[in-house]
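# Predicted coordinates and the sequence they were generated for:
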Amino acid sequence: MAIVVFTAVKLPARYLWLLPAVALLMILYRGYGHSRALPAQVLLPLSGRVIGIDPGHGGYDPGAKRGGVQEKDVVLEISLFLREYLQQGGAWVVMTRDRDTDLLEIMAGPKKRLDMQNRLQIVEEAGVELLVSIHTNSINSSRWRGAQVFYQEGHEEGKLLAAAIQDELRRVLKNTDRLAKGGNFFMLRESSMTGALVEVGFLSNPDEARLLTAPEYQKKIAWAIYLGIIKYLTS
Ligand SMILES: [Zn+2]
C-alpha cells in the first residue's frame, strides 16, 4: 500500500521519511483491529460469571487431621489456586474465606450451624451462580485414595456440574475411577445456585496426604476443577 502511494503521489524528497512511518502505523493499526475483533469469550471463557469458592472449615474448626496435616489448610491452598485460574478465565470470584478463619464473627448459638449459615449468606448476597465447596476426605482405613465429587440429591444442574468436575479430576489426576455421587449437604441443599462439593483426596492415605500438601499437586487439582467448571458452563 505504501509503495503505491509513493509512486502515484510523488512526494517531495524531504517528506519521504513519512512513508515507512505511515506503513508501520497501518500495520500496527491492523494488528490492533484484529485483536479487538475477537469475541471476548475466546480470550476469557468465564467472562461475566460470578463463581463462589467455599474452602471447608477454618479457624476453630480444622476439619480432618492426620499427621500434622489439617484439612482447613489444604483446602484453602487449593481454593486460592482455583481462584487464580478462575480470575484468569475472566470470572468474578467470591470466597467464603481467603485465610485461616471461621465465619463466627457474631458468636451465638451452635458454632457449626452458624458458620455454615454465614457462608451461605456470603454467596447468596454476592449473587454467586455456581458454587464449589472444597474438602478433603478422611476415613478409618489408609487404603482409599483419589478425588470424589458430590452433588445434592435431586439437583439436576448440580449433578451435571459434579460430573464435569469429576471427569476432569479423573483425566488430570489419573488416580480414581469414581463417578460423581449424590448426597445431602447443607451448603448445596440450602443455596439457590448450582453447586458441587469436591473431596479432593484422602488425608487418611499417607501418600495422598503428602501429595495434598505439595503446591504442584494442589495446583493440578485446582486446574482440574477449573476445567470441570468450564466444561459444565460451555456444554
Ligand atoms: Zn470437610
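Sure thing, it's come through.
# Once you drop chain neighbours, what's closest to K181?
Spatial nearest neighbour of K181, excluding adjacent residues (Cβ to Cβ, 6 or more residues apart in numbering): F150 at 5.5 Å. All C-beta spots, glycine's among them, are computed from the backbone N, C-alpha and C.
# just checking, the one you found is part of a helix?
No. Counting by DSSP: H, G, I helix; E, B strand; the rest coil, F150 is not found in a helix; it is strand.
# I figured it hits A180, correct?
Yes. F150 is in contact with A180 according to Cβ atoms under 8 Å; the separation is 6.9 Å.
# Dig out what the residue nearest to K181 forms beta bridges with.
For F150, the beta-bridge partners under DSSP bridges are K181, L197.
# And for the residue in the chain that the ion sits nearest to, nearest residue in space, chain neighbours not counted?
Nearest to the ion, among the residues of the chain, is H135, at 3.5 Å (Cβ to the ion). Leaving aside its chain neighbours, H135 sits nearest to G56 (4.2 Å; criterion: Cβ to Cβ, 6+ apart).
# these two touch, right, L104 and G59?
Yes. Applying Cβ under 8 Å, one finds L104 in contact with G59, separated by 6.8 Å.
# count of neighbours near A64?
Here the number of neighbours of A64 (other Cβ atoms under 10 Å) works out to 22.
# Quickly note the distance from it to N205.
Separation of A64 from N205 (Cβ to Cβ, to the nearest Å): 12 Å.
# ok, now Y217?
From Y217 to N205 the distance is 13 Å (Cβ to Cβ).
# who has more neighbours, the two?
N205 (21 against 18).
# State the phi and psi torsions of the more buried one.
Backbone torsions of N205, given as degrees, to the nearest 10, read phi -100, psi 110.
# Give me the common contacts of F150 and A180.
Contact criterion Cβ atoms under 8 Å, 6 or more residues apart in numbering; residues bridging F150 and A180 by contacting each: A162, A196.
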